[in-house]
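Chemist: Task: produce atomic coordinates for the following.
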Amino acid sequence: MNVTRGFAGRPRVRNDGLPPGQYDARDDWPVLSAEVTPELAASEWTFTVDGLVAEERTWTWDEAHALPPSAYEGDIHCVTSWSKFGVRFAGVSLDAFLDLARPAAEATHAVAYSHTGYTTNLPLADLTGGRAWIVWEYGDEPLPAEHGGPARLIVPHLYFWKSAKWIAGIRLLDHDEPGFWEQNGYHHRGDPWEEQRYSGD
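Modeler: Residues are numbered from 1 along each chain as shown. Sure, this is the predicted structure:
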């Protein structure tokens, strides 16, 4: 299994590597959602890559698990100010899905969308090159539903609202298209080291 260590971001100063305005949540993992947790069985879950691609593709749970496994080990940061160090998520690198769908040359951005209807926008560059995953395990256990199980997107170098829970797909675009929180005043990118919490930061 390919394991990617956490991106260092800016050079870390002594305060345990926290981005500005963050605190260490330690053993806590706060549950924060824009929607009610859905009842979504793994047997009903699918993941689609569509939009500006050579071939729109949809994977079932079993088909996604047949792709090369990959894991992320590192830190995560929430816009509500908590951070967690040394977490481990396992699943498949988003690159594996994108390689099969073959993004068009004009694709520059993406919208991640959930089975609940939640959306969030990201530059395509933040989703490629080993920077994003579709995951279904946390700490070697199945990902709990309240944290996005059966499967979620993780983009750990950005604030965690960009890591859409209950992920259903990624739509590739040639422009930036704000998602749910971005339409409600949050930053379009969300880099924790730049403290990009809100529009204008």
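Chemist: drop to CA atoms for contacts and neighbour counts, all remaining ones
Modeler: Fine.
Chemist: Mind naming the longest helix for this structure?
Modeler: Counting residues, the longest helix found in the chain (DSSP state H) is helix 94-101.
Chemist: Mind giving me the packing neighbours of the helix or strand just after that one?
Modeler: Elements were assigned by DSSP states H and E; along the chain past helix 94-101, the next helix or strand is strand 109-114. On a contact count with 3 or more Cα pairs under 8 Å, 6 or more residues apart in numbering; DSSP states H and E, strand 109-114 meets strand 119-123, strand 167-173.
Chemist: Apply 10 Å and report the result again.
Modeler: Here strand 109-114 touches strand 46-51, strand 119-123, strand 152-154, strand 167-173, going by 3 or more Cα pairs under 10 Å, 6 or more residues apart in numbering; DSSP states H and E.
Chemist: any chance of these in TSV, with mean pLDDT and mean neighbour count too?
Modeler: Below are those laid out as TSV (pLDDT from 0 to 100; neighbours: other Cα atoms under 10 Å):
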stretch	mean pLDDT	mean neighbour count
strand 46-51	98	22
strand 119-123	97	23
strand 152-154	98	27
strand 167-173	98	24
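Chemist: so which of the ones you listed comes closest to Arg88?
Modeler: Arg88 sits nearest to strand 152-154 of all those, at 11.1 Å, using Cα to Cα.
Chemist: List the contacts of Leu32.
Modeler: Contact analysis of Leu32 by Cα atoms under 10 Å, 6 or more residues apart in numbering lists Cys78, Thr80, Glu146, His147, Trp161.
Chemist: Using CSV, list the CA coordinates for stretch 114-123.
Modeler: Presented in CSV, the C-alpha positions along stretch 114-123 are these (Å, rounded to 0.1, in the frame of the first residue of the first chain):
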residue,chain,number,x,y,z
SER,A,114,-22.0,14.3,-1.7
HIS,A,115,-24.9,11.8,-1.6
THR,A,116,-26.7,14.3,0.6
GLY,A,117,-26.4,17.1,-2.0
TYR,A,118,-23.5,19.0,-0.2
THR,A,119,-21.0,20.6,-2.6
THR,A,120,-17.5,22.2,-2.3
ASN,A,121,-15.3,23.6,-4.9
LEU,A,122,-11.5,23.0,-5.4
PRO,A,123,-8.8,23.8,-7.9
